[in-house]
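Chemist: can you look at this prediction? I've put the sequence above it.
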Amino acid sequence: MRTLFIITCLANIAFAFGTLPWMPEEVAVEFVNNEATGFVSPMMYAVEMSVYVIILMTIGLCSRWFAAKFWWMLLFYFILLPDGWSNKENRPQTTQRFATWIELVSVGCLLFHLPFQWLNFLVNQRVPPYLTTIESVVEILGIFILLIFLFAVLYRLFRLPKSDLPP
């Protein structure tokens, strides 16, 4: 999983900086009613995308520590676990499963970020930059599909029958 983190992180950063020569003097980053309303310099855009990617990678790489350190918050506030998962003897496997989910979320977001960068690159090639309705719908559907997938994985990780609980 760590190799996938590093590859997706480097791919996102390489794309952000690799497209700089083809970006306009002002890169559109905000859109209202499919029209560009917010602009930044191309270098600032590449730096912002890279910082976002590095934060996601850090969260994924530190997920095991995060899940072990803050297991009580994760278990009782964000998800409702079936009987047995929150027992003290099952806590290591519970935190391991939750850490795996955090890693999947991070990798999913990193992989999902590449098409969004590509779309933003294409949008900024237009003069003036604008989003089409189809592009807006694809973005929204993409986010929903990613969320549904991630919560299905979370559900699968913790909704096992009692017979499958760790001893």
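Modeler: Right, received. Where do you want to start? Numbering: from 1, shown residues only.

Chemist: least confident secondary structure element in this structure?
Modeler: helix 71-73 (a mean of 60; mean pLDDT, DSSP states H and E).

Chemist: who are the packing partners of the helix or strand that it is followed by?
Modeler: Using DSSP states H and E, the helix or strand that follows helix 71-73 towards the C-terminus is helix 91-123. Judged by 3 or more Cβ pairs under 8 Å, 6 or more residues apart in numbering; DSSP states H and E, the packing partners of helix 91-123 are helix 2-18, strand 27-32, helix 42-61, helix 63-69, helix 71-73, helix 133-158. For every residue, glycine as well, the C-beta is placed using N, CA and C.

Chemist: what about the chain, any weak spots by pLDDT?
Modeler: The chain contains residues with pLDDT under 70 at 71-87, 158-167.

Chemist: repeat the analysis, applying 50 as the threshold.
Modeler: For the chain, applying pLDDT under 50 flags the ranges 77.

Chemist: which ones are touching the spatially most central residue of it?
Modeler: Nearest to the mean C-alpha position of the chain, by Cα atoms, centre = their mean, lies Cys109 at 2.1 Å. Applying Cβ atoms under 8 Å, 6 or more residues apart in numbering, we find Cys109 in contact with 56, 146.

Chemist: can you do 10 Å?
Modeler: Contacts for Cys109 (Cβ atoms under 10 Å, 6 or more residues apart in numbering) come out as 8, 52-53, 56-57, 59-60, 116, 146, 150.

Chemist: what's the answer for Ala36, then?
Modeler: Ala36 is in contact with 26-30, 123-124, 126, 128-131, counting by Cβ under 10 Å, 6+ apart.

Chemist: then Ala11?
Modeler: Shown in contact with Ala11 (Cβ under 10 Å, 6+ apart): 18, 53, 110-111, 113-114, 117.

Chemist: 6 Å instead?
Modeler: For Ala11, the contact set (Cβ atoms under 6 Å, 6 or more residues apart in numbering) is empty.

Chemist: cheers, nothing more for now.
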